[in-house]
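In: Provided below for reference: sequence and predicted model.
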Amino acid sequence: MIKFKNISSIIALLFLVISFTACTNEKILPIYGQREAKITKGKDGIDRIDTVYQTIPAFKFLNQDSTYITQDMFKGKIYVADFFFTSCTTICPTMHRNLKTVFEQYKGNPDILFLSHTIDFKYDKPSVLKKYAQKLGVDVPQWQFVYGSKDEVYTLAEKSYLTVVKEDSTATDGYIHQGWLVLIDKEKRMRGAYDGTKTEEVDKLKKDIAILLAEEKK
């Protein structure tokens with residue numbers, strides 16, 4: 001049995017136990033997508049195995065202000081990406097109303113950005129995206145709405161963000177897409193995907209952004 005000389009010793013021990021528990025229970029978000037092992041040789045000549053994770057590739061799109069933006073805008077930033085179209089009458093309105101609550105929580109935070117890609121390459125030109133952003137009340141640099149060719153956007157969605165998008169003449173509004181809100185870290189890696197139509201999933205996204213912000217500060 002451990003004997004303590006005074007109450008100060010007990011408090012000090014409790015503090016150490018609580019601190020240790022907090023550190024060991026600290027949550028770290030998983031990294032999604034493909035990964036591969038890469039062997040590198042250190043300065044000591046010993047081979048080491050590093051894990052290389054899938055990242056979002058370079059892109060160049062027109063935004064709602066008819067200005068080209070590239071991945072440089074998101075360098076060193078955490079951002080939430082999604083795929084939608086302005087004439088969507090199914091999941092998009094709910095998805096973006098919910099995403100706006102995330103935006104409001106992190107509004108003005110220089111480390112957080114939002115990136116919405118239209119999948120309607122026929123109609124959603126920058127002027128249309130501008131009106132959509134204004135109507136939603138988020139026509140600010142922190143939330144970018146972007147337009148690109150069908151091949152560029154669809155390939156990026158399916159290969160990099162792992163979300164389904166496609167034209168379908170039999171579907172309501174002519175397109176099929178998933179309502180994922182995809183969380184990307186400062187290293188361009190996917191750290192989470194959340195159903196934008198479900199409040200509980202969007203609440204989880206809000207919490208995970210905070211976790212990721214804390215993780216990135218280490």
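Out: All right, it came through fine.
In: for the residue nearest the centre of the chain, which non-adjacent residue is spatially closest?
Out: The centre of the chain sits closest to L183, judged by Cα atoms, centre = their mean, with a distance of 1.7 Å. Among residues not flanking L183 along the chain, G192 sits closest, at 4.1 Å (Cβ to Cβ, 6 or more residues apart in numbering). Every residue, glycine included, has its C-beta placed from N, CA and C.
In: need the three-state assignment for the one you found.
Out: Taken by DSSP: H, G, I helix; E, B strand; the rest coil, the conformation at G192 corresponds to strand.
In: looking at it, it is touching L29, isn't it?
Out: Yes. If you go by Cβ atoms under 8 Å, G192 and L29 touch, sitting 6.0 Å apart.
In: what about E216, how many residues nearby?
Out: Close neighbours of E216, defined as other Cβ atoms under 10 Å, add up to 14.
In: now the residue nearest to the centre of the chain: which helix or strand?
Out: Following DSSP states H and E, one finds L183 within strand 180-184.
In: ok, back up a step: tell me how far the residue nearest to L183 lies from D47.
Out: 33 Å (Cβ to Cβ, to the nearest Å).
In: look at those two and report which has more neighbours.
Out: Taking other Cβ under 10 Å, G192 and D47 do not tie; G192 has more neighbours (22 against 8).
In: name the helix or strand of this protein that has the lowest mean pLDDT.
Out: Lowest on mean pLDDT, DSSP states H and E among the helices and strands of the chain sits helix 7-24, with a mean of 36.
In: average model confidence for whatever helix or strand comes next after that one?
Out: Using DSSP H and E, the helix or strand that follows helix 7-24 in sequence is strand 35-41. Taken as a whole, strand 35-41 has an average pLDDT of 78.
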